[in-house]
Structure formats: structure tokens, C-alpha cells
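K.L.:
let me see the structure of the following:
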Amino acid sequence: MAEHSERDGRERAVMVGVERPGQHGSLADRLEELTLLADTAGCDTVAVVTQSRDRPDPKTYIGKGKVEEVKEVLAAHDGELVIFDTDLSPAQARNLEQALGRSVMDRTQLILAIFARRASTRLARWEVELAQLQYELPRFKRMWTHLSRIDGGGIDSRGPGETQLEVDRRRARERIHLIQERLREAERQKEVASRQRQQVFTVALVGYTNVGKSTLMNALTGAEVLIEDRLFATLDATTRRLEIDGEELLLTDTVGFIRDLPHTLVASFHATLAEVLDADLLLHVADVTSPELGEQIEAVKAVLKEIGAEQRPTLMVFNKADALPPGLSAARIAERHGGGVVVSAHTREGLEELMERLLAALREQHHELVLEIPYSDARTTAYLEANAKVLEREFSERGVRLKALVSPADAGRLSRYVTEAEG
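P.N.:
Modelled structure (predicted):
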């Protein structure tokens, strides 16, 4: 086993899970998810250690006795890394590394590491770096205590290590400020692009990670979005055009969510998640086969609330219907969770109904107007031709008579030309 790890560069990790009151999901499900996260990050799980406790130990989270057990498990399985299914304070992480003699990573660090590996665009890389810096800044002391010990000073002494610590903190804060400025500029540019395409009905796919959003995107649009059976396969937002019955929509595949998604990551990814806030409709894609379906739906809703998108019009899409075991009804499962459209992106089952629902949503949010525009106002006519869906056009002595689907914003601006209105 050790030879396998050395050959492919994957680290051998021991998982530590703690059952505590008020946690989301069962410990078994959380550890299964943690193992998948570790696999995505390039780690092989060689052992799992569990514990139940009412409150964390302030020094090591798991207490002295359990630390010794983890140490024995590391030795028995030649473990190189310990991953906790919880967040650790800087002091707890430092104490654990000193006691275990191995690197220790908490759940947030693991997710940040995955995002760092997956980020492919400049915007995503900035967002991940910002989240990492903000998370690691309070932990810088842990990184530099070894220098104080080498120099003979105590942890709180002012030696070379402490001087380097101060320099690193200053540089980190400067870098955080620079990235925040870059992200603000990126958001401004996105706002301009959003205004330019506001006449096109936009749909954002949201959902728990690995529920098949990218597969559904490909099935609907014929796009070639990356598909992997791994958590967070999609990190950068991808937008493609979709035409249904002559109507054009923009479909955006966004980063998958996960329970207890780190707040620093949600805040840092504001520019990417702006696609969700700007969408006319959210497709909340869920894995109908998941035993944790309810928990996953609630986790997605929690993130949507955190970014201010909980009130956006939303259509539930229950995916992977083809993978349900015999005897189980996808439709009944969907009804137990509020109902929606049942599909299989893999077999294309249910996609026709989904597209009908998308078309209905588009037409509900756009007004069908008949406008009469004088020939002298050629600019307005050109604007409509470019930004609205023109259904009919007639030419009379007074001007151009257009029947068109327009956005609510344009309906207000063009009210003086309206002769008939529907919807």
C-alpha cells in the first residue's frame, strides 16, 4: 500500500470524525463525504477514527486519550496526514501536529485545497487565494513557532521567527487588499456584461456537488462541460446558449455547494456566485438517489440564503432517476421534497418536460406587447430588434408595428409606444 502511495504521489490519510450535538447529517455520512473530498484532493483514506463527545477539548479537540489512539493508527497504517471532519482552532491544530508528528488538516482547509487545485480561470484563482489567505492569516503563528524553538526562544519571545511572522502577516494583508480590489473590478465588469445581456432569459444551475449539474448542462445544450465523478469537478461558471421553440436562453453551470461550506469561501466567490444572483430562474438540481437528499437540499438553500439568492424563482430538478434501485419511485421521492421535474441527464428521460417548464418560465417573465414606433424613432426600433424577441412586424404610414416579447424593465421604458399588451 505504501509503495502505491509513493508511486502515484497520493498521500495516505487518516480520517477523524467526531459526533457532536447539532451537527448536520449523520457521522457515517459526513465521513463518507470527507473520504470523497480527500480522494478529490489526492489522498487515500487508510483508516478512520471516530469519537462522540458533547463539546470539543480546547487543546486538541478530541482529548489526550483519543490523540494517542490516532497516533497508534498512524503508525499501524503508515499514515502521512490526519484530516478532521470539523474546523480546528489554530491552537488545536498546532497542538495536534506537535503530538502526532504529522500534518493535520481540517475540513475547511481540505475544501480550500480542492478549490485551489480545481481553479482554472484567473478569477477563480483569485477567489480561492483570497479565501485561503483569510483562513490562514490567524494560523501564521503555527507556521513559524519552529523558528523560535530553533533560536532558543519561547513561543511568545521576539526572535527571528516572530520578525518573519510579522513580515508575512503584513504581506498577507497587502495581498488580501490587492485581490479584493481585483475582485471588485471583476464584479464591475460582470455587472456591465450582465446589463448587456439582460434581455436574454438567464438560468443558473445550482445544487449540491456531484449531483450531475454539468451532465444536465451538456444534455440540454450539447456543450462539452467537464464531467467527472468527483466533488467540485466544476469550479468556474460556464455559460452556454439554449434554444427552445425559437426562444433563446442562457444556461449557466455554477460551482457545487456542500454542507457547512466555509464562509470565507462563500464570501470570496461572490464574483462567481453573482451569476446566481443575476439569474431569472434557478434550477436547483438534486440527486434523487442520495440517502441524504433532504440534507443536501437544505445545505444548498442555506448557501443561497447566505448570498442573498433565497428569493430567486426556483425550479427543483431531481436528477439520476435512471440510477434508482427497482421498486423506488423517483416521482414519489420528489413529491416528498416539494415536487419538481424528475429527469435523467444520462438517458435524457424527463428533459422534454424540463424544457417545457423553462419555456413557460421565460414567457411568464416576459411581456408580449404590440408597439407602434414612428419611423423618426429608428433608434428604438433597432434596440427592439437587437434586444427583444420580435414575433411580428408590419409597416404602416405612421411607423413600424411590432409584436414582441420584452423584459419587464423594457416594458416600462417603452410604455408610450404600446397599443396592446398580453401577459
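
K.L.:
could you give the bridge partners of Arg373?
P.N.:
For the record, residue 373 is Ile, not Arg. Val400 (DSSP bridges).

K.L.:
residue contacts, it?
P.N.:
Counting by CB atoms under 8 Å, 6 or more residues apart in numbering, Ile373 makes contact with 380-381, 384, 399-402, 417. Just so you know, the C-beta spots here come from the backbone N, C-alpha and C atoms, and that holds for glycine as well.

K.L.:
now those in a markdown table, with distance to Gly222 and neighbour count?
P.N.:
As requested, these are exported to a markdown table (distance: CB to CB, whole Å; neighbours: other CB atoms under 10 Å):
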| residue | distance to Gly222 | neighbour count |
| --- | --- | --- |
| Thr380 | 35 | 19 |
| Thr381 | 33 | 19 |
| Leu384 | 29 | 23 |
| Gly399 | 40 | 19 |
| Val400 | 35 | 21 |
| Arg401 | 36 | 17 |
| Leu402 | 31 | 23 |
| Tyr417 | 38 | 20 |
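
K.L.:
between those, which is nearest Asp54?
P.N.:
Asp54 lies nearest to Leu384 out of the contacts of Ile373, by CB to CB, at 65.2 Å.

K.L.:
run through the residues that contact that closest one.
P.N.:
371, 373, 390, 402, 404, 406, 414 are the contacts of Leu384 under CB under 8 Å, 6+ apart.

K.L.:
centre of the chain to the helix or strand harbouring it, how far?
P.N.:
Using DSSP states H and E, Leu384 sits in helix 378-387. For helix 378-387, the separation from the chain centroid amounts to 37 Å (computed by CA atoms, centre = their mean, to the nearest Å).

K.L.:
helix or strand next in line after it, which one?
P.N.:
Using DSSP H and E, the helix or strand that follows helix 378-387 towards the C-terminus is strand 389-395.

K.L.:
re earlier: wait, which of the contacts of Leu384 is closest to Pro90?
P.N.:
Of the contacts of Leu384, the one sitting nearest to Pro90 (CB to CB) turns out to be Val406, at 55.1 Å.

K.L.:
pLDDT wise, what is that closest one at?
P.N.:
Here the pLDDT value assigned to Val406 is 81.

K.L.:
so what's it bridging to?
P.N.:
His367.

K.L.:
contacts only, for it.
P.N.:
For Val406, the contacting residues are 199, 366-367, 369, 384, 388-389, 414, by CB under 8 Å, 6+ apart.

K.L.:
ChimeraX command for the buried members of those residues?
P.N.:
Entered in ChimeraX, the line below selects the buried ones among the contacts of Val406, by 16 or more other CB atoms under 10 Å:
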select :199,366,367,369,384,388,389,414
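
K.L.:
test my guess that Val418 contacts Leu369.
P.N.:
Yes - with contact defined as CB atoms under 8 Å, Val418 reaches Leu369; the gap is 5.3 Å.
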